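Q: build me a structure from this.
(one chain, ligands or ions: 1)
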Amino acid sequence: MSKELTLLEGKLDATGLRVGIVCARFNSIFVEQLLSGAKDALIRHGASESDITVAWVPGSFETPLVIQKLAKTGKFDALIGLGVVIQGATQHANMINSEVSKSYAQISLETGIPVVYGVVTTENIEQAIERSGSKAGNRGASAATTAIEMANLLKLIPSAAKK
Ligand code: INI
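A: All right, here's what the predicted structure looks like:
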């Protein structure tokens, strides 16, 4: 008798999920919009406001350390980093982007908790406006739905050694 395949897919249901969001204050005019998009998406998908923790740090470069600390508490199902790095504004932009994205991947692999990259990297302020709640959507909201899907997907994968 043939067995059906096993499909692992995270539902977009944030009921009961505990989510930490770490926000960079640099370019905060845009990051506030990303945060509001992320909170709105979490709550519209069933999360409770009391299950959402928000931390602010000076810039995107500082987000990984706080995300790592939060991940190690064991109190979160998913973590999201939000920031806006505008290329035109700094020569550090590429360095910040690559360090931050590498760190997020490393933290999630180390801790087993999804860390979602909600850092908007743009060439100019116009693109930052577009991606923080106008014509290109809200990257905070899409980071939140990614966090929900990944947190639920990981819950479906048994951690026990049974094969
Ligand atoms: N931080 C950002 O989040 N976005 C930026 O565009 C940015 N620029 O342009 O420099 C930025 N710099 C600050 C950086 O993240 C650190 O806070 C700083 O280097 C101190 O470590």
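Q: so who does Val120 touch?
A: The neighbours of Val120, taking CB atoms under 8 Å, 6 or more residues apart in numbering as the test, are Phe30, Leu34, Gly83, Val84, Val85, Gln127, Ala128, Arg131, Ser132, Arg139. Quick note: C-beta positions are derived from backbone N, CA and C, even for glycine.
Q: tell me which parts of this protein are close to the ligand?
A: Residues of the chain lying near the ligand by CB under 6 Å from any ligand atom: 24, 26-27, 58-62, 83-86, 89-90, 92-93, 96.
Q: and the gap between the one residue in the chain that gets nearest to the ligand and Ser103?
A: Per CB to the nearest ligand atom, Gly59 is where the chain lies closest to the ligand, at 2.2 Å. As defined by CB to CB, to the nearest Å, Gly59 lies at a distance of 13 Å from Ser103.
Q: returning to that earlier point: make a ChimeraX selection of the buried ones in the residues of the chain next to the ligand.
A: Per 16 or more other CB atoms under 10 Å, the buried members of the residues of the chain next to the ligand correspond to this ChimeraX selection:
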select :24,26,27,59,60,61,62,83,84,85,86,93,96
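Q: Gly137 contacts Arg131, doesn't it?
A: Yes - the criterion here is CB atoms under 8 Å, and Gly137 meets it with Arg131 at 7.0 Å.
Q: if you count surrounding residues, which of the two has more?
A: More neighbours surround Arg131 than the other of Gly137 and Arg131, with 22 against 13 (other CB atoms under 10 Å).
Q: alright, that wraps it up for me.
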